[in-house]
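Enquirer: sequence unknown, structure follows:
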């Protein structure tokens, strides 16, 4: 009797109309719409504008002159300087950040939480405040500079300058090392203790485990952190501009100068051509990051 009533109710209930299904789909994906709108306004539309402007002359005609100019003379030198800065900053930050992440992963409780929270803050620190802090510390009349001078060590007489590529590499470590710590902390914590115990049972030392097992497993995550730091250093603008006052020939500083109106006749879209070069570099780094993250997820699930 009960089964007959249930069957009759199922047969009498109308199927869900297409309109109600569409409403459910809209509600399901409606939360993503603000993000997509934000992405379109602040990323997609500006990127398309830069792409179109890179191939347009001042009169709006198609041309390759902007790209040729961007890859020659002082603008080509700015790409070389930006790569030198990014590679130098990346090597130091990856090595120091990875070692620091290993040390943090070995701790428990409040020390780990303190390092994680402080790294999150420092990773987003930059611009004028960071530049002023280093000028007050390592500038010509900075505190550390004066202390070293009183000890007979004059940094600036030995060729050091805070306002050079080497100086920027030092400054960038302030926020790049915390980024590497945050990127690597999760993968390191996902190293299973069973792997360590199995290696020890076979007679492997701790150093041997990390060389033969740990580093190969973490290599995709290390590659991810490397490309993230490289892209961060390559695209950083505010800190370099505030520290060097725009005197260092870096691509972001060149773009800022061109956008602010420091352009010659017929070079109105040169900034877009330089911006296109930056987009290509960052896009390649993002592609490597996504591929390495997929590979890392196979081992660290």
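Expert: Looks like it came in fine. All values derive from a computational prediction rather than experimental measurement. Numbers count the residues shown, from 1 in each chain.
Enquirer: got any ranges where this protein has weak pLDDT?
Expert: 1-19, 25-26, 262-267, 296-301 (pLDDT under 70).
Enquirer: and the one helix or strand residue 228 maps to, what other elements does it pack with?
Expert: Element membership of residue 228 [criterion: DSSP states H and E] is helix 215-235. On a contact count with 3 or more Cβ pairs under 8 Å, 6 or more residues apart in numbering; DSSP states H and E, helix 215-235 meets helix 73-105, helix 165-189, helix 270-299. The C-beta positions use only the backbone N, C-alpha and C, and glycine is treated the same way.
Enquirer: what is the distance between the helix or strand that it is followed by and the centre of its chain?
Expert: Elements were assigned by DSSP H and E; along the chain past helix 215-235, the next helix or strand is helix 238-244. Distance of helix 238-244 from the chain centroid (Cα atoms, centre = their mean, to the nearest Å) equals 18 Å.
Enquirer: how close does residue 279 get to residue 231?
Expert: Shown here: residue 279 relative to residue 231, a distance of 11 Å by Cβ to Cβ, to the nearest Å.
Enquirer: which one of those two is surrounded by more residues?
Expert: For residue 279 and residue 231, the more surrounded residue by other Cβ atoms under 10 Å is residue 231, and the numbers stand at 21 against 16.
Enquirer: quick one: residue 131 and residue 171 touch, right?
Expert: Yes: using Cβ atoms under 8 Å, residue 131 is in contact with residue 171, at 7.3 Å.
Enquirer: ranges for the helices of the stretch 1-150 of the chain?
Expert: If DSSP state H, counting those that start in this stretch is used as the criterion, the helices of the stretch 1-150 of the chain fall at 2-12, 18-29, 33-39, 45-54, 65-70, 73-105, 110-122, 128-138, 143-150.
Enquirer: Serialize those helices to a markdown table and add fields for mean neighbour count and distance to residue 243.
Expert: As requested, the helices of the stretch 1-150 of the chain are arranged in a markdown table below (neighbours: other Cβ atoms under 10 Å; distance: least, Cβ to Cβ, whole Å):
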| stretch | mean neighbour count | distance to residue 243 |
| --- | --- | --- |
| helix 2-12 | 8 | 72 |
| helix 18-29 | 10 | 44 |
| helix 33-39 | 10 | 30 |
| helix 45-54 | 15 | 26 |
| helix 65-70 | 18 | 24 |
| helix 73-105 | 18 | 12 |
| helix 110-122 | 14 | 17 |
| helix 128-138 | 16 | 4 |
| helix 143-150 | 13 | 15 |
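Enquirer: many thanks, I have nothing further to ask.
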